[in-house]
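S.K.: no sequence for this one, just the structure:
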């Protein structure tokens, strides 16, 4: 077994990627899927914090729509990977304190080394961070380096056929996200190897595009870009366009204006209580506690859903609505040390 697989801050993915594919055992595959679940979960707090900082509630406005749809994609990816793990007899672990995302900090397992992920409101810088999370192995515009999430998923796809005989269809959760958020977004059971490989392809290409196109091949609307390119447009303030003369994709199109946002400051490691200048008063601490409690309850509900109680998924969805409301409350509270900025949610696990 890979050591420290449940430790969010370990280099477990680096260890797994350094192993020859033929040396992977059933346990390595289960470890990899648990780590992939933690990766998918780790993207939701920073993306949601940025989304909820946007003050215009119209979900059809360009930038808000883009980020919201990406979050739904990530939720779908999370569910698909949970199904991959449980179908081969693994157990989804979300409520061990070691597995919960830590911010600011690197992505779990050592993927995309050197990239520090933080929680804050939407800015050009935070959009650049999100593009860094989603970067392809071989992007069509700009360079990328280091181990990527897509490369990790490719390794899982390469190894899975060896263990296809373990697929049992147990503890599978289904949820129809596709009708509202695009083809490929349904959380579906993993009953065959083809189901698994199709799901991995969806996860890779929704995040990175393909080697020929930056488009999301499973979009919610025509022309929707894969996550990396969508975030990069926001970061560099330019639409991605194809040069008809060279056939190359470049960020030289029209501007991408940022929407009005609450100026949510970067959340300190371990939460606002660790910032002496901005230690929350009783009222603010209460809202933070309510948010963190709902977040923790959501993780328990998700763990229960993939533990055999599929109906718990609806409890998790309810908690997500509470998180949005509490985050927006926090976004209206100014920091004592610098009223130009506001508090934001901490996403801390409460045991």
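M.R.: That came through, no problem. Predicted model, so just to flag it, every value in this text is computed and none were measured.
S.K.: Let me see the confidence value for the nearest residue to residue 324 once chain neighbours are set aside.
M.R.: Excluding the flanking residues, the one nearest residue 324 by CB to CB, 6 or more residues apart in numbering is residue 52, at 5.8 Å. Backbone N, C-alpha and C define where each C-beta goes, glycine included. On pLDDT, residue 52 comes in at 98.
S.K.: so residue 52 makes contact with residue 330?
M.R.: No: when contacts are counted by CB atoms under 8 Å, residue 52 is not listed as touching residue 330 (9.0 Å).
S.K.: Quickly list what's touching both of those two.
M.R.: Common neighbours of residue 52 and residue 330, using CB atoms under 8 Å, 6 or more residues apart in numbering, are residue 345.
S.K.: Residue 308 against residue 171, yeah?
M.R.: Yes: if you go by CB under 8 Å, residue 308 and residue 171 touch, sitting 5.4 Å apart.
S.K.: the more surrounded of these two?
M.R.: Under the neighbour definition other CB atoms under 10 Å, residue 308 and residue 171 were set side by side, and residue 171 has more, 21 against 11.
S.K.: For residue 87, see how far away the more buried one is.
M.R.: 8 Å (CB to CB, to the nearest Å).
S.K.: Same question for residue 51.
M.R.: Residue 51 is 31 Å from residue 87, by CB to CB.
S.K.: Check residue 286 too.
M.R.: Look at residue 286 and residue 87: by CB to CB, they are 41 Å apart.
S.K.: between those two, who's got more neighbours?
M.R.: Neighbour count, other CB under 10 Å: between residue 286 and residue 87, residue 87 has more, with 22 against 13.
S.K.: For that one, which residues are in contact?
M.R.: Contacts of residue 87 (CB under 8 Å, 6+ apart): 166-172, 189-191, 196.
S.K.: sorry, back to before: list the residues that contact both of residue 308 and residue 171?
M.R.: With CB under 8 Å, 6+ apart, residue 308 and residue 171 have no common neighbours.
S.K.: Just read off the phi/psi values of residue 225.
M.R.: Phi and psi for residue 225, reported as degrees, to the nearest 10, are phi -80, psi 160.
S.K.: Nearest residue to it in space, ignoring adjacent ones along the chain?
M.R.: Using CB to CB, 6+ apart, the closest residue to residue 225 is residue 214 (5.5 Å).
S.K.: doesn't residue 249 make contact with that neighbour?
M.R.: Yes: applying CB under 8 Å, one finds residue 214 in contact with residue 249, separated by 5.8 Å.
S.K.: For those two, indicate the residue with more neighbours.
M.R.: Neighbour comparison, residue 214 and residue 249: the larger count goes to residue 214, with 21 against 18 (by other CB under 10 Å).
S.K.: Show the model's pLDDT score for that one.
M.R.: Confidence score, pLDDT, at residue 214: 85.
S.K.: Separate out the buried members of the contacts of residue 87.
M.R.: Buried members of the contacts of residue 87, scored by 16 or more other CB atoms under 10 Å, are 167, 171-172, 189-190, 196.
S.K.: helix/strand/coil for the nearest residue to residue 124 once chain neighbours are set aside?
M.R.: Leaving aside its sequence neighbours, residue 124 sits nearest to residue 235 (CB to CB, 6+ apart; 5.5 Å). Three-state call for residue 235 (DSSP: H, G, I helix; E, B strand; the rest coil): helix.
S.K.: where do the helices sit along this protein?
M.R.: 12-18, 26-52, 62-87, 124-134, 149-159, 178-181, 193-208, 227-236, 282-305, 312-330 (DSSP state H).
S.K.: Switch those helices over to a markdown table; also include distance to residue 257.
M.R.: Putting the helices of the chain into a markdown table (distance: least, CB to CB, whole Å) gives the following:
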| stretch | distance to residue 257 |
| --- | --- |
| helix 12-18 | 36 |
| helix 26-52 | 15 |
| helix 62-87 | 8 |
| helix 124-134 | 11 |
| helix 149-159 | 29 |
| helix 178-181 | 24 |
| helix 193-208 | 25 |
| helix 227-236 | 10 |
| helix 282-305 | 29 |
| helix 312-330 | 22 |
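S.K.: If I average pLDDT within each of those, which one is lowest?
M.R.: helix 178-181 (a mean of 80).
S.K.: same for that helix, what does it pack against?
M.R.: With contacts taken as 3 or more CB pairs under 8 Å, 6 or more residues apart in numbering; DSSP states H and E, helix 178-181 sits against helix 62-87.
S.K.: Give the buried residues for the helix it packs on.
M.R.: In helix 62-87, counting by 16+ other CB under 10 Å, buried: 63-64, 66-71, 73-87.
S.K.: ok, now stretch 313-333?
M.R.: With burial defined by 16+ other CB under 10 Å, the residues of stretch 313-333 counted as buried are 313, 315-316, 319-320, 322-323, 326-331, 333.
S.K.: Name the residues that touch that stretch?
M.R.: For stretch 313-333, using CB under 8 Å, 6+ apart, the contacting residues are 48-49, 52-53, 121, 173, 175, 262, 264, 284, 287-288, 290-291, 294-295, 297-298, 301-302, 304-305, 342-345.
S.K.: Please apply the same query to stretch 44-52.
M.R.: By CB under 8 Å, 6+ apart, stretch 44-52 touches 64, 67-68, 70-71, 74-75, 78, 101, 103, 117-122, 126-127, 129-130, 133, 264, 267, 323-324, 327-328, 331, 344-345, 347.
S.K.: pretty sure residue 241 is touching residue 252, no?
M.R.: Yes: Residue 241 lies in contact with residue 252 (CB under 8 Å); the separation is 6.0 Å.
S.K.: which non-adjacent residue is nearest residue 178?
M.R.: Residue 178's closest residue in space is residue 186 (CB to CB, 6+ apart), at 4.0 Å.
S.K.: Since that was my last question, I'll sign off now.
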